[in-house]
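Undergrad: sequence and predicted structure are below.
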Amino acid sequence: MTAAPRWFEDGRLHFALGIEDTFVPQSRDGERAIDEYELTEHYEQYADDFALAAGSGAELLRWGVPWYRIAPERGRWDWSWTDRAVNALLDAGLTPIIDLLHYGTPLWLEGEFANRDYPHHAAEFAERFAARYGDRVTDYTPVNEPVIHALFSGEYGYWPPYLHGPAGFATIAANLARGFVRTQQAIAASIGARAAFVHVDAAMGFVGDETAPEHLEEASRLRHQVHLVEDLVTGRVDDRHPLRRHLTAAVDDDELSWFHENAVQPDVMGVNYYPRHSTELFEPGVRHAGGFTDPRPAVDRGTEGLRDAVDL
């Protein structure tokens, strides 16, 4: 008997929702930790939230799991809340797309995304999740918006491990990509061909005077690094890649070969487009570092910006 086509293969338009789930459990002086499930009381109201999503007509739900709560200590796993929530989600008749990593690492992982063992820990988390729920849950996003991870944790220094500049971006992007590949491999090894992977990144575009000599190099780097993690995990970075020289310290030739040999592919590619924020403006004679502390002006380009964002 031929298997029925999956939701992304059946030619139908599907209605999906998501529950916002940023987790940044670490904090520093003057800041607070972020757990949006606490802020929205989702930990208590999860069943009602799923019922509301299903009642709206949604068929699918992108839904994150709090790694830092599931792994509160090295070597200890607590699935109690996740067990209840996954059961309630499925009982509501929704197909989950699991966000395995939505910005937060466990509190015990020193150096967070820059830790050399981060890829191993991320893959172990994915393997354990798939072993526990893979008989019922088959769709996964290994890393939500890796460009935002790399910018906020690596270039802007907003989130742990608070690195800065292009070198910081490259460091975080490379380690995220290592974990991304190992995560997808671990899930595929656990549940086989039933596994489906939804890669999701943020749209970022640049307009204005970006071709002027004063902005040309920076604008080119920013434009290409939007998809750098996706390029790495799908094996598309080679010596001709526009950012190869920026990656030299983070990814040597042997590891670049490893990415080629272990390339993973999405079944679905998702793009998060924010009309008021996704397009940044370069102005003549004006320089901004970007990010919250020194933002470039944003331009709302409406559907035109969305078309550009998905024209890969």
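TA: That came through, no problem.

Undergrad: only alpha carbons, please: show the top strand by length along the chain as PDB.
TA: Ranked by residue count, the top strand of the chain under DSSP state E comes out as strand 196-202. C-alpha atoms of strand 196-202 as PDB (Å, rounded to 0.1, in the frame of the first residue of the first chain):
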ATOM      1  CA  ALA A 196      10.300  15.500   8.400                       C
ATOM      2  CA  PHE A 197      12.400  18.700   8.900                       C
ATOM      3  CA  VAL A 198      11.200  22.200   8.800                       C
ATOM      4  CA  HIS A 199      14.200  24.600   8.600                       C
ATOM      5  CA  VAL A 200      13.100  28.100   9.700                       C
ATOM      6  CA  ASP A 201      15.100  31.400   9.500                       C
ATOM      7  CA  ALA A 202      14.400  35.100   9.900                       C
END
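
Undergrad: got the contact list for that strand?
TA: When contacts are defined by CB atoms under 8 Å, 6 or more residues apart in numbering, strand 196-202 is touched by residues 6, 8, 62, 97, 138-142, 144-148, 184, 187, 226-227, 229-230, 233, 264-272, 274, 278. C-betas here are computed from N, CA, C, even on glycine.

Undergrad: then stretch 146-158?
TA: Against stretch 146-158 from outside (CB under 8 Å, 6+ apart): 103, 112-114, 143, 159-166, 168-173, 176-177, 180, 201-202, 204, 225-230, 289-293.

Undergrad: just the CA trace of that stretch, in PDB.
TA: Extracted in PDB, the C-alpha atoms of stretch 146-158 (Å, rounded to 0.1, in the frame of the first residue of the first chain):
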ATOM      1  CA  PRO A 146      19.800  30.500  13.500                       C
ATOM      2  CA  VAL A 147      20.700  33.900  12.100                       C
ATOM      3  CA  ILE A 148      19.100  35.500  15.100                       C
ATOM      4  CA  HIS A 149      20.900  33.100  17.500                       C
ATOM      5  CA  ALA A 150      24.200  34.100  15.800                       C
ATOM      6  CA  LEU A 151      23.500  37.800  15.800                       C
ATOM      7  CA  PHE A 152      22.200  38.100  19.400                       C
ATOM      8  CA  SER A 153      24.700  35.700  20.900                       C
ATOM      9  CA  GLY A 154      27.600  36.300  18.600                       C
ATOM     10  CA  GLU A 155      27.600  39.700  16.900                       C
ATOM     11  CA  TYR A 156      25.600  42.000  19.200                       C
ATOM     12  CA  GLY A 157      26.400  40.500  22.600                       C
ATOM     13  CA  TYR A 158      22.800  40.600  23.800                       C
END
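
Undergrad: what residues of that stretch count as buried?
TA: Residues of stretch 146-158 classed as buried by neighbour count (16 or more other CB atoms under 10 Å): 146-158.

Undergrad: would you list those residues in TSV and tack on distance to D78, secondary structure and pLDDT?
TA: Formatted as TSV, the buried residues of stretch 146-158 follow (distance: CB to CB, whole Å; DSSP: H, G, I helix; E, B strand; the rest coil; pLDDT from 0 to 100):
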residue	distance to D78	secondary structure	pLDDT
P146	26	helix	96
V147	31	helix	95
I148	27	helix	94
H149	24	helix	95
A150	29	helix	96
L151	31	helix	95
F152	27	helix	95
S153	25	helix	96
G154	29	helix	95
E155	33	helix	94
Y156	32	strand	94
G157	31	coil	92
Y158	28	coil	92
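
Undergrad: which one of these is nearest to E31?
TA: Minimum distance to E31 across the buried residues of stretch 146-158 is 8.8 Å, recorded for Y158 (CB to CB).

Undergrad: would you map the helices across the stretch 1-150 of the chain?
TA: Assigned by DSSP state H, counting those that start in this stretch, the stretch 1-150 of the chain shows helices spanning 36-39, 42-55, 67-70, 80-91, 118-133, 146-150.

Undergrad: so which of these is the most surrounded?
TA: helix 146-150 (a mean of 25; mean count of other CB atoms under 10 Å).

Undergrad: tell me which strands and helices the next helix or strand along the chain from that one is in contact with?
TA: The helix or strand immediately downstream of helix 146-150 is helix 165-191, counting by DSSP states H and E. Contact here means 3 or more CB pairs under 8 Å, 6 or more residues apart in numbering; DSSP states H and E; on that basis helix 165-191 packs against helix 118-133, helix 146-150, helix 213-225, helix 228-233, helix 244-247.

Undergrad: check contacts around the closest residue to A186 other than its chain neighbours.
TA: Leaving aside its sequence neighbours, A186 sits nearest to E127 (CB to CB, 6 or more residues apart in numbering; 4.1 Å). By CB under 8 Å, 6+ apart, the residues touching E127 are 186-187, 189-190.

Undergrad: for E127, give me the pLDDT.
TA: The model reports E127 with a pLDDT of 98.

Undergrad: can you check L312 too?
TA: Taking L312 on its own, its pLDDT is 55.

Undergrad: and the most centrally placed residue in the chain, bridged to which residues?
TA: By CA atoms, centre = their mean, the mean C-alpha position of the chain lies nearest to N144, the distance being 1.8 Å. N144 has these beta-bridge partners by DSSP bridges: V200.

Undergrad: lovely, talk soon.
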